[in-house]
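Student: Quick one: sequence plus predicted model below, questions after.
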Amino acid sequence: MKIKHPIPVIEAIDKSLITNKYKNINSVNAKLDILKIVVLNRYKKAKPAVGLVKNFGLKKGAFGSSFMHDSHNIGVVGVDDESIANVVNKISKLNGGLVVYDGKKIDHLKLPFGGLMANEHGENVAKKYEQLTKKVKQMGCTLRAPFMTLSFMGLLVIPHLKISDEGVFDGDKFEFVK
């Protein structure tokens, strides 16, 4: 997947809300652990924002959620467009949730209340969350808490690079990357 012009790669840091600016490139490179990150507005029709992210470690598929801070848009990290589209479409059909697609099968946790809350017992939700996290790690993710890390990729006020439905945001310059 090529991007029109080189953009800075968001470098996730395990166990941290802060991200680094990796370097400017213009294509996904799974061997270098540079994957596509997509944010889609849940409240109005708009084109998805696309960026690149490092240190998620996925080797196949995609995963995403509907609780990207602070807007609670859909956020997805994946190795290919088809996997990302499968995750986005499933989250949309669920009216919110956590979704993992390993290239063959979709697993999910439905969060029907604002895309943030489930209508099941807490024990069931916790068990499903653990199962989904385990599946993401089986797909190659090395992050301790992949869904939480993804969630905070959308919190623009925490340095250094983040992403919203408007695009990649440079927290140091406090402006969107053009």
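Tutor: Yep, that arrived.
Student: just checking, what packs against the lengthiest helix in the chain?
Tutor: Secondary structure of the chain per DSSP state H: the longest helix is helix 122-138. When contacts are defined as 3 or more Cβ pairs under 8 Å, 6 or more residues apart in numbering; DSSP states H and E, helix 122-138 packs onto strand 97-101, strand 106-110, helix 146-152. All C-beta spots, glycine's among them, are computed from the backbone N, C-alpha and C.
Student: ok, now with 6 Å
Tutor: strand 97-101 (3 or more Cβ pairs under 6 Å, 6 or more residues apart in numbering; DSSP states H and E).
Student: ok, residue 20 - contacts?
Tutor: 11, 160 (Cβ atoms under 6 Å, 6 or more residues apart in numbering).
Student: tally of neighbours for residue 103?
Tutor: Neighbourhood size, residue 103 [other Cβ atoms under 10 Å]: 15.
Student: Identify the residue nearest residue 175 in space, chain neighbours excluded?
Tutor: What sits nearest to residue 175 in space, not counting adjacent residues and going by Cβ to Cβ, 6 or more residues apart in numbering, is residue 169, at 7.4 Å.
Student: who touches that neighbour in this structure?
Tutor: Per Cβ under 6 Å, 6+ apart, neighbours of residue 169: 156, 162, 176.
Student: Equivalent analysis for residue 87, please.
Tutor: Contacts of residue 87 by Cβ under 6 Å, 6+ apart are 62, 64, 76, 99, 101.
Student: Buried members of those residues into PyMOL, please.
Tutor: In PyMOL syntax, the buried subset of the contacts of residue 87 is picked out as below (16 or more other Cβ atoms under 10 Å):
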select buried, resi 62+64+76+99+101
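Student: could you dump the contacts of residue 87 to CSV with pLDDT and distance to residue 126?
Tutor: As requested, the contacts of residue 87 are arranged in CSV below (pLDDT from 0 to 100; distance: Cβ to Cβ, whole Å):
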residue, pLDDT, distance to residue 126
62, 98, 23
64, 98, 20
76, 98, 23
99, 98, 17
101, 98, 22
